[in-house]
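*Asks:* got a structure for you, letters missing:
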């Protein structure tokens, strides 16, 4: 039985998954055993908040790598959209395609949202810091982009 969003809490095992990246290569969560992983879910490629968040991770590449952190971004966008987003902003980390929202549901970030009085389903900006043991070290829900990368580094480095 796989974890549901209600079961996800700090210290619990991070749900395993496989998703295609921007190049169509399958990425397995299990591939990162022994590393700190920042798995961040964002609503949409090349939108203001998502771009700011991605560029902050990009701009802190050295600090993240020095801390032994692998960054993985996840959205509902397809590979072609990810490729354009990476190229446009020179992003230096992997973006994963969760087109059917399976992994977003698994992590409890696929939510009913409202914009301009319209209801729709989408990703609630969230970040999961997964330790080398595969357990959740820190969960950030309803992420505010400003200062988020620093909070992630603090969660890993202490």
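*Replies:* Looks like it came in fine. Because the structure is predicted, anything quoted here is derived from the model rather than measured. Residues are numbered from 1 along each chain as shown.

*Asks:* element containing the residue nearest the centre of the chain, please.
*Replies:* By Cα atoms, centre = their mean, the mean C-alpha position of the chain lies nearest to residue 40, the distance being 1.6 Å. Using DSSP states H and E, residue 40 maps to strand 36-41.

*Asks:* residues making contact with that strand?
*Replies:* 14, 29, 53, 57, 64, 67-75, 104, 107, 109, 123-132, 137, 143, 152, 156 (Cβ atoms under 8 Å, 6 or more residues apart in numbering). Using the backbone N, CA and C atoms, a C-beta is placed for each residue, glycine as well.

*Asks:* one more pass at 7 Å, please.
*Replies:* 67-74, 104, 107, 109, 123, 125-132, 152, 156 (Cβ atoms under 7 Å, 6 or more residues apart in numbering).

*Asks:* do stretch 140-152 as well
*Replies:* So stretch 140-152 is contacted by 38, 49, 52-53, 56-57, 60, 124-127, 129 (Cβ under 7 Å, 6+ apart).

*Asks:* next one: that stretch to chain centre, how far?
*Replies:* From the chain centre to the centre of stretch 140-152 is a distance of 12 Å (Cα atoms, centre = their mean, to the nearest Å).

*Asks:* of all the residues in that stretch, which ones are buried?
*Replies:* 140, 143, 145, 148-149, 152 (16 or more other Cβ atoms under 10 Å).

*Asks:* what ranges do the strands span in this structure?
*Replies:* Applying DSSP state E to the chain gives strands spanning 18-21, 26-28, 36-41, 69-75, 94-97, 110-115, 118-123, 126-130, 136-140.

*Asks:* how about these in JSON lines, adding distance to residue 87 and mean pLDDT?
*Replies:* Shown next, in JSON lines, are the strands of the chain (distance: least, Cβ to Cβ, whole Å; pLDDT from 0 to 100):
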{"stretch": "strand 18-21", "distance to residue 87": "14", "mean pLDDT": "97"}
{"stretch": "strand 26-28", "distance to residue 87": "19", "mean pLDDT": "96"}
{"stretch": "strand 36-41", "distance to residue 87": "20", "mean pLDDT": "96"}
{"stretch": "strand 69-75", "distance to residue 87": "14", "mean pLDDT": "97"}
{"stretch": "strand 94-97", "distance to residue 87": "11", "mean pLDDT": "98"}
{"stretch": "strand 110-115", "distance to residue 87": "27", "mean pLDDT": "80"}
{"stretch": "strand 118-123", "distance to residue 87": "22", "mean pLDDT": "82"}
{"stretch": "strand 126-130", "distance to residue 87": "24", "mean pLDDT": "96"}
{"stretch": "strand 136-140", "distance to residue 87": "27", "mean pLDDT": "94"}
